[in-house]
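>>> Pasting the sequence and the predicted model now:
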Amino acid sequence: MRAPGFAALLALAALAAAPAAAQEFYRCTSPDGKVTYQQAPCPKSDEARKVDATPANTDVDMSKREELLRKGDEAGRRLEERAAREAEEARRRRERAEQEARLEREAQEREAMREPVVIYGGWPNRPVQPQPPRPLPPRPAPRSSPSTPGR
């Protein structure tokens with residue numbers, strides 16, 4: 001996914017947009033251990049330390065900045081289009097699954113409502129219940145004749 005690259009691109013754009021002049025910030029630690037950052041000097045009861053907030057890149061090329069912003073906008077647009085396509089595909093898959101489930105339920109309902117098969121043909125049009133086939137009786141073993149031994 002391109003989200004980390006997009007975030008880095010935005011961070012670069014933010015750095016490029018920062019003014020080149022150095023700003024003074026103070027890191028103040030109160031007696032109870034709470035740390036705050038502020039532009040005004042710390043109160044006398046707090047421990048103070050000056051923080052350098054000079055941007056790392058002070059020679060900003062505005063044409064490159066504009067190109068980075070344009071590329072960031074294009075990447076964001078492509079990301080939104082991709083998310084919209086994926087959402088549409090997921091919606092279609094969900095609808096297809098719901099339709100298949102509905103058709104399956106309808107088929108099961110039709111099968112449950114089907115009437116049992118009754119065969120007519122007995123003495124005057126009485127129903128005859130089908131019977132399972134009967135097994136064949138076992139065949140008798142062949143007998144050996146007394147006149148021919150060993151056969």
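It's in. None of these values were measured; they are calculated from a predicted model.
>>> Listing request: residues of this protein with sub-threshold pLDDT.
Residues of the chain meeting the criterion pLDDT under 70: 1-23, 45-47, 52-58, 60, 117-130, 145-151.
>>> just the strands in it please.
Taking DSSP state E as the test, the strands found in the chain are 24-29, 35-38, 47-52, 119-120, 127-128.
>>> who touches the closest residue to Ala48 other than its chain neighbours in this structure?
Excluding the flanking residues, the one nearest Ala48 by Cβ to Cβ, 6 or more residues apart in numbering is Cys42, at 3.7 Å. Every C-beta, even on glycine, is put in place using the N, C-alpha and C of the backbone. Contact analysis of Cys42 by Cβ atoms under 8 Å, 6 or more residues apart in numbering lists Tyr26, Cys28, Ala48.
>>> tell me which residues form a beta bridge with the first one?
The partner list for Tyr26 in beta bridges (DSSP bridges) reads Gln38, Lys50.
>>> Surely it and Val35 touch.
No - using Cβ atoms under 8 Å, Tyr26 makes no contact with Val35, being 11.0 Å away.
>>> Give me the more crowded residue out of the two.
Tyr26 (16 against 11; other Cβ atoms under 10 Å).
>>> what about that one, distance to Glu80?
Between Tyr26 and Glu80 the computed distance is 41 Å (Cβ to Cβ, to the nearest Å).
>>> ok, back up a step: can you work out which residues contact both of Tyr26 and Val35?
By Cβ under 8 Å, 6+ apart, no residue touches both Tyr26 and Val35.
>>> rewinding a little: and of the contacts of Cys42, the nearest to Arg114?
Relative to Arg114, the closest of the contacts of Cys42 is Cys28; by Cβ to Cβ it sits at 83.6 Å.
>>> can you map out the helices along the chain?
In the chain, the segments counted as helices under DSSP state H are 3-17, 62-113.
>>> related to what we said a few turns ago, how about the strands of the chain, which one is nearest Ala90?
Nearest of those to Ala90, taken as Cβ to Cβ: strand 35-38 at 44.1 Å.
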